[in-house]
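Asks: Model the following, please.
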Amino acid sequence: MASLQTSNMLSSSLKTVDAAIHVPKLPRIPLSLPKIPTSTKTNLIQEFNGAIHTVIPSQKDVTPSEIYDDLCHPGKLSKVTTQLYAILEAVADRIEMHKNIGEQRQNWNNLLLNSINMITLTAATMVGVATISDASAPILALKISSTLLFSAATGMSLIMSKLQPSQLAEEQRNATRLLKQLQTQIQTTLAFGNPTEEDVKSAMEKVLALDKAYPLPLLGGAMLPKFPTQFEPAVWWPKSLWWPKSRKLKTNKISNNDNNNNGWSEELEMEMREIIEVMKAKDMEDYDRLGNLVLKVNKAMAISGPLLSGLAAVGSAFVGHGSPWAAVLAVTSASLATSINAFEHGGQVGMVFEMYRNCGGFFKLLQETIESTLEERDYEKRENGDVFEMKVAMKLGRSVSQLRQLASKSASYELEGIAIDEFASKLF
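Replies: Down below sits the predicted model:
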């Protein structure tokens, strides 16, 4: 009974308490946002350099889909723009071709050089073994083997000296770089918009001039002569020159020159003429001298390498006939031939010659560009003088102030009758 009473008391004492919190409802606040008009007829006032131009937007709304449709739909591109895009695709394909073939011809140079030297040294070793051998049968076998190896090395050396794979590889590297430069010029023309027929014609001429200057085939007389009579700079530009003319956007004309000479002055023209004189006296003359020197060295080694291999083949054929001079001739000639081949093709003398040709062509192009610009008497048809001066300075690896200092130094040295001691280019 006591336990029942205790449980009843506990249950009665524990009662749940319900609590309710009533939050008052907030009143609704009506918000009204102004609607954005679909078209505006307000006039936008733009002020630039004191000139005020009123621009009235079009009544028709232009949506992003229409913009993308105009840019991407091929049917809406002009004929000239389509032609430039086609030339751009051809240039990109040529870049890849020249790059791949250049790598292939560099591999030719490495593999042929290693093969010729290994064959020559192996044949020389056979001659030495045949000299100290007493049996007639081994001597005959070694003589025949060494003679065949020397003959093979002579033939391969003749082919390698004729083709100059290192020079071929350098030609393709130069072509790749110049084609990339042309690709950038065409892309810039397209970015400015409104290309003309003259742009298409100029791009085509530049592509064909590059094809002629750096041909891909080796047969059919297309290959460039590797041993000309004298050094001549490379020419990869057509008559219209390589340097692209400045393009002007079709905007309102705002004069930024006090003299209305498109940035040109008599002082700037004299500066450009002095730069030409410095290039002729120093840079072009130096590359002409070095180019002729490398050409003579390359000719001498291209003749002496196969000649020495041939003498080694003749000497190896007479080993064992009681004359020790045959073995001496064979081994000595083989050693000299290996050394000359290693210096000529391992040192890539042909590549150095092609590099000098390209540098000489660079200065010749810069000279013709400056001269053709100065010959144009209509200042409006010239490129802006300040921009042109900056481009010349950048081409020569100088700042504009350094270019002006060089021109003034050249003029003062000329008045004193002293030859200038500074090169125009600091780049190479």
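
Asks: where does the residue most central in space within the chain land on pLDDT?
Replies: The C-alpha lying nearest the average C-alpha coordinate of the chain belongs to Arg177 (C-alpha atoms, centre = their mean; 1.8 Å). On the pLDDT scale, Arg177 is placed at 96.

Asks: try Gly220
Replies: In this model, Gly220 carries a pLDDT of 75.

Asks: Is it part of a helix or strand, or is it coil?
Replies: coil (DSSP: H, G, I helix; E, B strand; the rest coil).

Asks: mind listing what's buried in the helix or strand where the residue nearest to the centre of the chain lies?
Replies: Element membership for Arg177, per DSSP states H and E: helix 165-192. Residues of helix 165-192 classed as buried: 165-176, 178-179, 182-183, 185-186, 189 (neighbour count, 16 or more other C-beta atoms under 10 Å). C-beta here means a position set from N, CA and C on the backbone, and glycine is covered the same way.

Asks: What of stretch 127-146?
Replies: For stretch 127-146, the neighbour count (16+ other C-beta under 10 Å) marks Val127, Gly128, Ala130, Thr131, Ile139, Leu142, Lys143, Ser145, Ser146 as buried.

Asks: Run through the stretch 51-200 of the chain and note the low-pLDDT ranges.
Replies: Applying pLDDT under 70 to the stretch 51-200 of the chain flags residues 51-76, 133-138.

Asks: what about the strands in it?
Replies: Applying DSSP state E, counting those that start in this stretch to the stretch 51-200 of the chain gives strands spanning 51-55.

Asks: Helices of this protein, residue ranges please.
Replies: 2-13, 64-72, 79-132, 136-163, 165-192, 197-213, 266-278, 285-317, 325-341, 349-375, 385-395, 400-416 (DSSP state H).

Asks: got the contact list for stretch 92-105?
Replies: 165, 168-169, 171-173, 175-176, 179-180, 183, 207, 210-211, 214, 216 (C-beta atoms under 8 Å, 6 or more residues apart in numbering).

Asks: 6 Å - rerun?
Replies: Stretch 92-105 is contacted by residues Pro165, Leu168, Ala169, Gln172, Arg173, Ala175, Thr176, Leu179 when judged by C-beta atoms under 6 Å, 6 or more residues apart in numbering.

Asks: burial of the closest residue to the last one other than its chain neighbours, as a residue count?
Replies: In space, not counting the residues next to it along the chain, Leu179 is nearest to Ile95; the distance is 4.7 Å by C-beta to C-beta, 6 or more residues apart in numbering. By other C-beta atoms under 10 Å, 18 other residues sit near Ile95.

Asks: distance of Ile95 from Thr176?
Replies: Distance, Ile95 to Thr176, using C-beta to C-beta, to the nearest Å: 6 Å.

Asks: Ok, Ala123 next?
Replies: In terms of C-beta to C-beta, Ala123 sits 39 Å off from Thr176.

Asks: follow-up on the earlier one: and the helix holding Arg177, what does it pack onto?
Replies: Helices and strands touching helix 165-192, by 3 or more C-beta pairs under 6 Å, 6 or more residues apart in numbering; DSSP states H and E, are helix 79-132, helix 197-213, helix 349-375.

Asks: Show me the contact partners of the second one.
Replies: Counting contacts by C-beta under 6 Å, 6+ apart, the residues outside helix 197-213 that touch it are Val80, Gln83, Leu84, Ile87, Leu178, Leu182, Ile186, Thr189, Trp236, Trp237, Pro238, Ser240.

Asks: Phi first, then psi, for Pro225.
Replies: phi -70, psi 130 (degrees, to the nearest 10).

Asks: Check Phe227 too.
Replies: The phi/psi pair for Phe227 (degrees, to the nearest 10) is phi -130, psi 70.

Asks: pretty sure it is in contact with Asn298, am I right?
Replies: No. With contact defined as C-beta atoms under 6 Å, Phe227 does not reach Asn298; the gap is 7.3 Å.
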